[in-house]
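In: Sequence and predicted structure below; questions after.
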Amino acid sequence: MPLMPRQLTVAVALASAALVSAQAAATGFQVREQSAKTLANAFSNTAAGAEDASFMAYNPAAIGNIDGSQVAGGVSYIDATFELQDAEASNVLGAPYSSMASGEGGESAVVPSFAAKTQLDERWDLGLAIYSPYGLSTKYDEDWIGRYHAVETELKTIDIQPTLNYRATDRLNLAVGLRAEYADATLSNAVDLGSAGAGAGQLPPSAIGNADGMAEVTGDDWGYGYTLGALFQVTDQTRLGASYRSEIDLTLEGDVDYSSDNAAGQAVLGGAQAMGQLQDAGGTAELTTPANFNLGIHHQLTDRLALMANAEWTEWSSFDELVVKSEGQDISTTTENWDDTWAFSVGANYALNRQWTLRGGLGIDETPVPSAEYRTPRVPDADRRWASLGATYRPTENLGITAGYLRIFGDDVDMDQDATPTNENASRGNLSGTYEVAADVFALSMDYRF
């Protein structure tokens, strides 16, 4: 039974209305939670699993492994912890900043996904996936010790991916998908107007760190890319999968706003704006969501036990700096200098009976951040290890319900942001400490075959 256009239209509307994001289960600002089945296997089945329509978000050729028509949808809940311990901060001249506020910047988020496919004939399959491949959400108290580097950082993305698969032979599927990606971002941080006022003789030295303003940048954009995939059934027991997702260049256009909620800060801000500085205006930020490549194997060892493994490469080197411009002038630059990374995972499925399948997996994921000097409160990234488990229940032959849980164990990592009168941290000051990183992810999905 083919999917009706109205069904697909409703699904697009529902998924678009649920735009949310978080950065936890993957390093950088990647989001992998497009399927409860992949999460329950620690993402070891992303390239070669091909169990339902949702797998086309990882490998578009997955839909060629499913006969007929199917819909799949799911939701993941991410509870992340990013906490800066033993923090020290000061302005560019060495005057210390202090705060009793927590250094915890982790956020919780809900990530939805939807996929549908139909078989056009013996050779062709058509699919549609809607998901969030990248996202980030960190938010600190406005008076925390690192407030001049970051308060809120939020990136939301949604990809709409129509997919076409060609069944080249009985064992080989080749697919292509087009990706329309929408991104929306918010970046905010405090501004030490007290230091500016003290340096100009407008305020006493005691105002340093005590007469803050706030700067906020918002913007959004659409970008376009593609995905390619192949799925090869080597033997009746062994399947190989490979997929590539292109990078997408985005120019986030929006606004830059400055404000202050205290009299001393307002006086300094008013004087700066009278001289043409710290003006509210339009703003832009260039962002590239990186390319990545997946290679995987799925092997049915026995009638009950399946083993799988996956390797994923992500081209994080495309994220070399984050520059915010206003009226054509650079107003903020953060050097990222990230490295390309690999993630590796293994997993297993065990069929208890026709209705129940147990799932589990382990994985490791490299951080793209090369050293402490490039680690920032906006993306306090670290090497991670995953452990997951879950189960799929099939009350009927056509309906599947899957629940999964993933625990993220992040390394404790140092951050060392130094300020000089001429570098990009001149207005932000010095900030150092050790980040603790961890997360819990819960996922639930359903798939139904017509």
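Out: Nice, I can see it.

In: how many other residues sit next to Pro205?
Out: 11 (other Cβ atoms under 10 Å). To be clear about C-beta, it is placed using only N, CA and C from the backbone, and glycine gets the same treatment.

In: Contact partners for it?
Out: Contacts for Pro205 were tallied using Cβ atoms under 8 Å, 6 or more residues apart in numbering; they are Ala95, Ala198.

In: which residues sit against stretch 395-403?
Out: Contacts of stretch 395-403 (Cβ under 8 Å, 6+ apart): 36-37, 40, 52, 74, 355, 359, 390-394, 442-450.

In: residues of that stretch that come out buried?
Out: Residues Gly400, Thr402, Ala403 are the ones in stretch 395-403 that count as buried (16 or more other Cβ atoms under 10 Å).

In: returning to that earlier point: inside helices: which ones of the contacts of stretch 395-403?
Out: Mapping those onto helices (DSSP state H) picks out Ala36, Lys37, Ala40.

In: Excluding sequence neighbours, find me the nearest residue to Asn45.
Out: Excluding the flanking residues, the one nearest Asn45 by Cβ to Cβ, 6 or more residues apart in numbering is Met308, at 4.6 Å.

In: May I ask which of the ones in helices among the contacts of stretch 395-403 has the most neighbours?
Out: Most surrounded of the ones in helices among the contacts of stretch 395-403: other Cβ under 10 Å gives Ala36, at 31 neighbours.

In: Who are the contact partners of that one?
Out: By Cβ under 8 Å, 6+ apart, the neighbours of Ala36 are Gly74, Ser76, Gly390, Thr402, Ala403, Gly404, Ala443, Leu444, Ser445.

In: ok, it to Val75 distance?
Out: 9 Å (Cβ to Cβ, to the nearest Å).

In: what residues are shared contacts of the two?
Out: The contact lists of Ala36 and Val75 share Ala443, Leu444, Ser445, where a contact means Cβ under 8 Å, 6+ apart.

In: Give the residue spans of this structure that score low on pLDDT.
Out: 1-26 (pLDDT under 70).

In: can you do 50?
Out: 1-22 (pLDDT under 50).

In: For Tyr374, give me phi and psi.
Out: phi -100, psi 0 (degrees, to the nearest 10).

In: Look at the nearest residue to it once chain neighbours are set aside and give its secondary structure.
Out: In space, and not counting its chain neighbours, Tyr374 is closest to Asn337: 5.3 Å by Cβ to Cβ, 6+ apart. Of the three states, Asn337 takes coil under DSSP: H, G, I helix; E, B strand; the rest coil.

In: ranges for the strands of the stretch 201-350 of the chain?
Out: 213-233, 238-245, 248-259, 281-289, 292-300, 305-314, 321-326, 329-335, 341-351 (DSSP state E, counting those that start in this stretch).

In: I'd like those strands as CSV, with mean neighbour count appended.
Out: Converted to CSV, the strands of the stretch 201-350 of the chain look like this (neighbours: other Cβ atoms under 10 Å):
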stretch, mean neighbour count
strand 213-233, 19
strand 238-245, 22
strand 248-259, 18
strand 281-289, 18
strand 292-300, 20
strand 305-314, 21
strand 321-326, 17
strand 329-335, 14
strand 341-351, 20
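
In: Of all the ones you listed, which one is nearest Glu88?
Out: Taking Cβ to Cβ, strand 329-335 is the member of the strands of the stretch 201-350 of the chain nearest to Glu88, at 19.9 Å.

In: So what touches that closest one?
Out: Taking Cβ under 8 Å, 6+ apart as the rule, strand 329-335 contacts 217, 256, 283, 320-325, 374, 376, 378, 424.

In: For those residues, name the two members farthest from one another.
Out: The farthest-apart pair in these, when distances are taken by Cβ to Cβ, is Val256 and Tyr374, at 24.2 Å.

In: circling back: and which of the ones in helices among the contacts of stretch 395-403 is nearest Arg123?
Out: Arg123 lies nearest to Lys37 out of the ones in helices among the contacts of stretch 395-403, by Cβ to Cβ, at 26.5 Å.
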